[in-house]
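Engineer: structure, please.
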Amino acid sequence: MITVALAGEAAPTITLNLRPAHAKSRMDRHPHLESPDTATGQHYRLVEVASCDLERHPGMSDSDQRPTDLHPANVADGAGVGVALIATTRTTDVVYARQPLIHDGRPSVFLVGPTPQADRGGSWRPDAIAELTRQGFEGIIYSPEQEPDLTGCTPFRENDPDQLEWDHAALAEATVILAHVPRDLTTMPAMTTNIEWGMWWDSGKIVLGSPTDAPGNHYLEWTAARAGVPISRDIKGVARDTLTLLAARLRQVQECSFCRIASFDPQGQVLHRSARSVVIEPRNPVTPGHRLVIPVQHVADATTDPAVTGQTMKDAAAYAATLGHDCNIVTSVGAAATQTAFHLHAHVVPRSPRDGLRLPWDARQGEGPTCSATPVSETARNQP
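Structural biologist: Residues are numbered from 1 along each chain as shown. Below is the predicted model of the structure:
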């Protein structure tokens with residue numbers, strides 16, 4: 001048994017039951033278990049344990065197992081086991097490589113940048129996480145590194161297919177991408193970072209940190225300037241730019257239902273997600289399998305940003321190819337063309353010879369081929 005008294009006169013005391021473990025203890029597998037104190041509502045995180053197991057503290061749930069803001073605690077060790085408990089808040093979760101992504105409606109930030117190779121220097125990401133938290137970020141931070149071990153070190157692991165799939169999914173999921181590139185050609189050459197930047201530089205959801213002494217970042221900075229991406233020289237600045245962009249994206253989410261679905265999917269409507277778009281079913285499909293392909297980046301219509309339009313139509317075509325069926329791929333520009341949802345979207349409409357559907361269609365035609373073909377605005381057929 002171990003008793004931990006937090007620093008400060010009014011700090012509560014918490015008691016944990018620890019017992020010797022076998023070759024692989026629970027804490028070896030989950031070194032950052034977090035437990036709420038039911039009396040005070042304060043959370044505590046067990047951060048250093050040697051050969052022990054943790055009995056579940058009353059009130060601890062499976063969701064209370066991620067580290068956040070850290071504060072030192074004093075430890076009274078009565079069992080010969082090294083332990084540190086720290087007080088935490090429950091507003092920010094850090095999700096490390098290969099850990100399950102979180103889909104709970106909170107904003108998220110992905111940390112793009114070079115990862116130190118084994119035994120060749122420290123990572124910049126802990127400082128970025130701390131700075132985001134200090135500046136008031138509340139949400140989810142995706143870090144494509146292994147979770148720090150019991151000594152606080154981040155194990156190095158070469159990229160493998162699982163890691164790459166996780167990176168791809170988390171980048172698509174993130175509300176904002178913080179790209180910080182303190183490139184060092186010996187310890188952090190940032191080769192993967194170059195590719196990720198090339199995939200996302202014009203996404204409208206990325207910021208760039210490029211230290212003045214980092215070699216080989218000129219092309220990144222040139223493309224950033226071309227896309228209007230803010231550039232900062234240190235972690236403090238890039239964290240500030242991240243939160244500024246995040247605020248703008250959250251304002252857009254409040255104004256646009258398609259932005260809200262694409263970014264947060266609060267009602268579980270997304271059927272498929274790719275890097276730049278999502279697929280949903282409209283409220284009133286006009287044929288079985290009718291889908292909308294919606295870009296994550298907000299643009300009003302197909303003429304606003306040809307690059308976004310091109311990617312959206314490419315995604316729509318790729319989705320249509322999976323249907324193995326004749327179909328229409330349709331988008332509209334402006335009210336006279338029946339557009340009423342002013343966030344670019346493409347309809348993928350499976351067709352059959354006797355479906356009775358004419359373009360533009362009446363929402364009633366989704367009921368069957370005998371329905372009339374009265375033209376109608378997109379109001380009915382676009383609503384999610």
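Engineer: quick check: residue 352 vs residue 323, distance?
Structural biologist: For residue 352, the distance to residue 323 (CB to CB, to the nearest Å) stands at 12 Å. Where you see a C-beta, it was placed from the backbone N, CA and C, and this is true even at glycine.
Engineer: ok, now residue 218?
Structural biologist: Counting by CB to CB, the separation of residue 218 from residue 323 is 44 Å.
Engineer: okay, now the unreliable bits of this protein?
Structural biologist: Within the chain, the segments meeting pLDDT under 70 span 1-90, 118-121, 149-159, 361-384.
Engineer: residue ranges of the helices in it, please?
Structural biologist: Remark: helices assigned in the chain by DSSP state H are 26-29, 125-134, 161-173, 191-200, 218-227, 235-255, 257-264, 306-321, 378-382.
Engineer: residue 175 against residue 249, yeah?
Structural biologist: Yes: with contact taken as CB atoms under 8 Å, residue 175 and residue 249 are classed as touching, separated by 5.9 Å.
Engineer: any shared contact partners between the two?
Structural biologist: Taking CB atoms under 8 Å, 6 or more residues apart in numbering as the contact criterion, the residues that touch both residue 175 and residue 249 are 107, 205, 263.
Engineer: out of these, which is most surrounded?
Structural biologist: Neighbour count (other CB atoms under 10 Å) singles out residue 263 as the most crowded of the shared contacts of residue 175 and residue 249, with 23 neighbours.
Engineer: ok, it to residue 282 distance?
Structural biologist: Going from residue 263 to residue 282 by CB to CB gives 19 Å.
Engineer: and residue 201, by the same measure?
Structural biologist: Applying CB to CB, one obtains 32 Å for the distance of residue 201 from residue 282.
Engineer: ok, now residue 351?
Structural biologist: Relative to residue 282, residue 351 is positioned 16 Å away (CB to CB).
Engineer: looking at these two, which is more packed in?
Structural biologist: More neighbours surround residue 282 than the other of residue 351 and residue 282, with 22 against 12 (other CB under 10 Å).
Engineer: correct me, but the more buried one touches residue 294?
Structural biologist: No: using CB under 8 Å as the test, residue 282 is too far from residue 294 to be in contact (10.4 Å).
Engineer: mind listing the strands for the stretch 51-200 of the chain?
Structural biologist: Listed from the start of the chain, the stretch 51-200 of the chain has strands (DSSP state E, counting those that start in this stretch) covering 52-54, 84-88, 92-96, 108-112, 139-143, 176-180.
Engineer: tell me which of these lies nearest to residue 131.
Structural biologist: Nearest to residue 131 among the strands of the stretch 51-200 of the chain is strand 176-180 (9.9 Å), distances taken as CB to CB.
Engineer: parallel or antiparallel, list what pairs with that closest one.
Structural biologist: For strand 176-180, sheet partners with direction are given as strand 108-112 (parallel), strand 206-209 (parallel), following DSSP bridges.
Engineer: what's the angle between it and helix 125-134?
Structural biologist: For the pair strand 176-180 and helix 125-134, the angle between their directions (axes from the mean of the first three to the mean of the last three CA atoms, to 10 degrees) equals 130 degrees.
Engineer: circling back: so which of the helices of the chain gets nearest residue 358?
Structural biologist: When those are ranked by distance to residue 358, counting by CB to CB, first place goes to helix 378-382 at 13.0 Å.
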